[in-house]
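1. Provided below are the primary sequence and the corresponding predicted coordinates.
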Amino acid sequence: MKASDLFVKALEAEGVEYIFGIPGEENLDLLESLRTSNIKLVLTRHEQGAGFMAATYGRLTGKVGVCLSTLGPGATNLVTPAAYAQLGAMPMLMITGQKPIKTSKQGRFQVIDVVDMMRPITKYTSQVVSGDRIPSVVREAFRIAHEERPGATHIELPEDIAEEETSLPLLKQSMARRPIAEYKAINAAIDMIEKAKSPVILIGAGANRKLTAKMLREFVDKTGIPFITTQMGKGVLDERDKLFVGNTALSDGDFVHRAIARADLIINVGHDVVEKPPFFMHHDGMKVIHINFDSASVDPVYFPQLEVVGDIANSVWQIKEGITPQDNWKLDFYLDVHEAYVNHRNEAENDNRFPILPERFVKDIRKVMPEDGIVTLDNGVYKIWFARNYPAYMPNTLLLDNALASMGAGLPSAIAAKLVHKDCKVLSVCGDGGFMMNSQELETAVRLNLDIVVVVLRDDAYGMIKWKQSNMQFDEFGLDYGNPDFVKYAESYGAQGWRIDSTESLGPIVEECLNTPGVHVVDCPVDYSMNDKTLHHTIRELSAKL
């Protein structure tokens with residue numbers, strides 16, 4: 001068969017449902033092969049949007065998301081999504097085209113070394129040099145993208161290779177199981193936890209796996225040990241739980257950091273160095289048990305005393321099975337910390353001033369979102385408020401990026417989330433800066449007849465950088481811009497546009513949008529003027545009193 005047909009059959013054998021992207025002339029053989037495939041091509045308006053969609057598909061399903069571009073400028077537009085998936089541990093395969101590699105009459109027109117370009121930001125990258133190589137190259141790309149730690153892979157399919165004839169069969173997936181932790185490490189962990197006076201669990205990005213969440217639930221129920229989450233560990237356990245202490249959205253000085261400082265042992269589950277450190281170790285301070293798929297990356301502030309290396313879910317299960325809860329554990333302080341945090345949060349959440357404060361905005365969004373509703377965030381200062389103040393009830397219901405922290409991913413992520421979870425309510429929260437970076441994907445959402453809501457927090461500036469600028473005592477400069485009329489902008493794509501003109505109207509309007517078919521864009525003015533005082537002064541002063 002033609003090599004491009006074999007390539008598509010290899011994708012089908014891997015269970016690919018969607019390919020997100022923009023084909024070019026170098027992909028036309030592959031496009032023709034896709035035409036008769038059961039794989040759905042989701043045509044996007046920018047390759048970056050396609051990459052974000054593929055990465056989010058991988059994040060939500062655990063399967064490899066696939067995106068497609070042509071050579072040259074199409075491929076370079078996938079660099080940011082590649083880094084997004086690689087740092088965020090999202091399984092993704094990028095397929096790019098290339099000029100003929102055997103004979104070409106076009107010189108170096110549009111040709112760059114895409115394989116070398118992708119090498120530093122992927123787990124695997126390869127050019128297909130023969131149609132006979134397709135089965136092994138595709139199988140390897142999927143295997144590597146999927147195995148822990150997941151990430152980005154890349155295959156370049158040149159134009160002349162795609163039209164070759166080949167007769168090689170596909171390679172079947174191998175049976176593979178992750179290694180489990182050695183029993184001596186498990187016993188050492190049990191001993192350290194039982195001897196601790198004030199243990200606490202910290203849940204990181206690597207723990208965001210279905211079976212790990214189940215095992216952690218059983219561990220917490222048996223031991224009664226409170227838990228803290230990182231930004232990308234949110235929702236692994238229900239944050240309405242009485243044992244939830246808080247989220248490490250800020251680097252230090254928050255209520256949750258008082259709890260960390262009081263702990264004499266942190267059970268660190270799924271720690272990922274791509275996130276900002278949720279705590280700093282000192283040589284005479286608390287002890288740490290590192291539970292992860294891989295050994296710890298040691299640095300001046302992270303040098304765990306015990307490493308339990310292997311499948312995380314199995315490790316947590318083994319420890320749970322062997323541990324005996326101790327009557328002398330002192331855990332009440334953690335609950336006092338959480339109560340102090342909630343009391344302070346409630347003040348701002350009930351503030352009716354307009355434009356809306358971010359704390360009030362987060363509260364109203366949480367109120368109208370169902371338990372299984374999915375909120376996707378772009379990147380901005382509001383991400384801190386969502387991580388800190390938005391209780392996530394289920395895994396992967398608050399999708400934020402605390403790894404690459406790229407702007408422009410919020411709307412594409414919402415599109416992917418709706419394709420994966422068709423029966424769930426999906427809402428994207430974007431700053432006006434991040435929204436405009438990939439706002440053209442509104443047309444994609446409308447064309448796909450999706451039901452999603454996009455709330456644009458408008459402050460007419462790159463607000464997070466402006467906040468940092470103010471905190472560093474610099475004068476305001478270079479961060480303000482103008483915006484389109486977002487209502488008319490939405491309508492020009494065939495979406496429905498809404499404008500918030502009072503704080504009290506936000507909840508009812510968003511709720512109406514969630515329950516009305518179609519794509520909705522909500523323009524919501526936001527007031528960030530209190531950010532510096534609240535985050536850098538008030539919270540620090542109140543938490544220091546605990």
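-> Done, it's in. Numbers count the residues shown, from 1 in each chain.
2. so what's residue 291 bridging to?
-> Here residue 291 sits in beta bridges with residue 269, residue 308, going by DSSP bridges.
3. which residues of the stretch 51-200 of the chain fall in strands?
-> 65-69, 92-98, 124-127, 152-158, 199-203 (DSSP state E, counting those that start in this stretch).
4. need these in JSON lines (columns: distance to residue 522, mean pLDDT and mean neighbour count).
-> C-betas here are computed from N, CA, C, even on glycine. Below are the strands of the stretch 51-200 of the chain laid out as JSON lines (distance: least, Cβ to Cβ, whole Å; pLDDT from 0 to 100; neighbours: other Cβ atoms under 10 Å):
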{"stretch": "strand 65-69", "distance to residue 522": "27", "mean pLDDT": "98", "mean neighbour count": "31"}
{"stretch": "strand 92-98", "distance to residue 522": "30", "mean pLDDT": "97", "mean neighbour count": "29"}
{"stretch": "strand 124-127", "distance to residue 522": "40", "mean pLDDT": "98", "mean neighbour count": "20"}
{"stretch": "strand 152-158", "distance to residue 522": "32", "mean pLDDT": "98", "mean neighbour count": "26"}
{"stretch": "strand 199-203", "distance to residue 522": "32", "mean pLDDT": "98", "mean neighbour count": "27"}
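5. format those strands as JSON lines; extra columns: distance to residue 142.
-> Compiled in JSON lines, the strands of the stretch 51-200 of the chain are given as follows (distance: least, Cβ to Cβ, whole Å):
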{"stretch": "strand 65-69", "distance to residue 142": "9"}
{"stretch": "strand 92-98", "distance to residue 142": "7"}
{"stretch": "strand 124-127", "distance to residue 142": "10"}
{"stretch": "strand 152-158", "distance to residue 142": "8"}
{"stretch": "strand 199-203", "distance to residue 142": "28"}
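6. those strands: which one's closest to residue 467?
-> Shortest distance between residue 467 and these, using Cβ to Cβ, is found for strand 199-203: 26.5 Å.
7. what about the very next helix or strand once past that closest one, average pLDDT?
-> Where DSSP states H and E defines the elements, the next helix or strand beyond strand 199-203 is helix 210-223. Helix 210-223 carries an average pLDDT of 97.
8. wait, which of the strands of the stretch 51-200 of the chain is closest to residue 451?
-> Residue 451 sits nearest to strand 65-69 of all the strands of the stretch 51-200 of the chain, at 21.1 Å, using Cβ to Cβ.
9. just the CA trace of that closest one, in PDB.
-> In PDB, the C-alpha atoms belonging to strand 65-69 read as follows (Å, rounded to 0.1, in the frame of the first residue of the first chain):
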ATOM      1  CA  GLY A  65      -3.100  13.300  21.500                       C
ATOM      2  CA  VAL A  66      -2.100  13.900  17.800                       C
ATOM      3  CA  CYS A  67      -1.600  17.200  15.900                       C
ATOM      4  CA  LEU A  68      -0.500  17.900  12.300                       C
ATOM      5  CA  SER A  69       1.300  20.700  10.500                       C
END
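10. quick one: strands adjacent to it?
-> Strand 65-69 is paired, per DSSP bridges, with strand 18-21 (parallel), strand 92-98 (parallel).
11. tell me the gap between that strand and the middle of its chain.
-> Relative to the centre of its chain, strand 65-69 is centred 18 Å away, using Cα atoms, centre = their mean, to the nearest Å.
12. residues making contact with it?
-> With contact meaning Cβ atoms under 8 Å, 6 or more residues apart in numbering, strand 65-69 is reached by 11, 16, 18-24, 27, 30, 41, 47, 50-51, 53-59, 75, 77-78, 81, 85, 90-97, 416.
13. could you pick out the buried ones from those residues?
-> Among these, the ones that count as buried by 16 or more other Cβ atoms under 10 Å are 11, 16, 18-24, 27, 30, 47, 50-51, 53-59, 75, 77-78, 81, 85, 90-97, 416.
14. now do the helix or strand harbouring residue 339: which elements does it pack against?
-> Using DSSP H and E, residue 339 maps to helix 332-349. Packing contacts for helix 332-349, counted by 3 or more Cβ pairs under 8 Å, 6 or more residues apart in numbering; DSSP states H and E, involve strand 244-247, helix 255-262, helix 358-368, helix 539-544.
15. let's go with 7 Å and repeat that
-> Under the contact definition 3 or more Cβ pairs under 7 Å, 6 or more residues apart in numbering; DSSP states H and E, helix 332-349 sits against strand 244-247, helix 255-262, helix 358-368.
16. would you turn those into JSON lines with mean pLDDT and distance to residue 224?
-> Shown next, in JSON lines, are those (pLDDT from 0 to 100; distance: least, Cβ to Cβ, whole Å):
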{"stretch": "strand 244-247", "mean pLDDT": "96", "distance to residue 224": "13"}
{"stretch": "helix 255-262", "mean pLDDT": "95", "distance to residue 224": "15"}
{"stretch": "helix 358-368", "mean pLDDT": "97", "distance to residue 224": "26"}
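17. hey, which of those is tucked in deepest?
-> Among the helices and strands packed on helix 332-349, strand 244-247 has the highest mean neighbour count (mean count of other Cβ atoms under 10 Å), at a mean of 26.
18. about what we covered before: Provide the contact partners of the helix holding residue 339 at residue level.
-> For helix 332-349, the external contacting residues (Cβ atoms under 7 Å, 6 or more residues apart in numbering) are 200, 226, 244-246, 255-256, 258-259, 262, 357, 359-360, 363, 389, 542, 546.
19. do the same with stretch 527-536
-> So stretch 527-536 is contacted by 250, 353, 355-358, 381, 459, 463, 467, 470-471 (Cβ under 7 Å, 6+ apart).
20. which among those end up buried?
-> Judged by 16+ other Cβ under 10 Å, buried ones among those: 250, 355-358, 381, 459, 463, 467, 470.
21. if we only consider those residues, which is nearest to residue 294?
-> Using Cβ to Cβ, residue 250 is the member of those that sits closest to residue 294, with 26.9 Å.
22. list the contacts for the closest one?
-> Contacts of residue 250 (Cβ under 7 Å, 6+ apart): 384, 535.
23. let's go with 8 Å and repeat that
-> 257, 384, 388, 535, 539.
24. same question for residue 495.
-> Per Cβ under 8 Å, 6+ apart, neighbours of residue 495: 442, 445-446, 518-521.
25. sorry, back to before: can you list the strands paired with strand 65-69 in a markdown table and add distance to residue 345?
-> Rendered in a markdown table, the data for those read as follows (distance: least, Cβ to Cβ, whole Å):
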| stretch | distance to residue 345 |
| --- | --- |
| strand 18-21 | 38 |
| strand 92-98 | 36 |
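26. and residue 238, which of these is closest to it?
-> Nearest of those (Cβ to Cβ): strand 92-98, 28.5 Å.
27. then that closest one to CSV, C-alphas only?
-> The C-alpha coordinates for strand 92-98 follow below in CSV (Å, rounded to 0.1, in the frame of the first residue of the first chain):
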residue,chain,number,x,y,z
MET,A,92,1.3,14.1,22.5
LEU,A,93,2.5,13.3,19.0
MET,A,94,3.3,16.0,16.4
ILE,A,95,3.3,15.0,12.8
THR,A,96,5.0,17.5,10.4
GLY,A,97,5.5,17.4,6.7
GLN,A,98,8.8,18.0,4.8
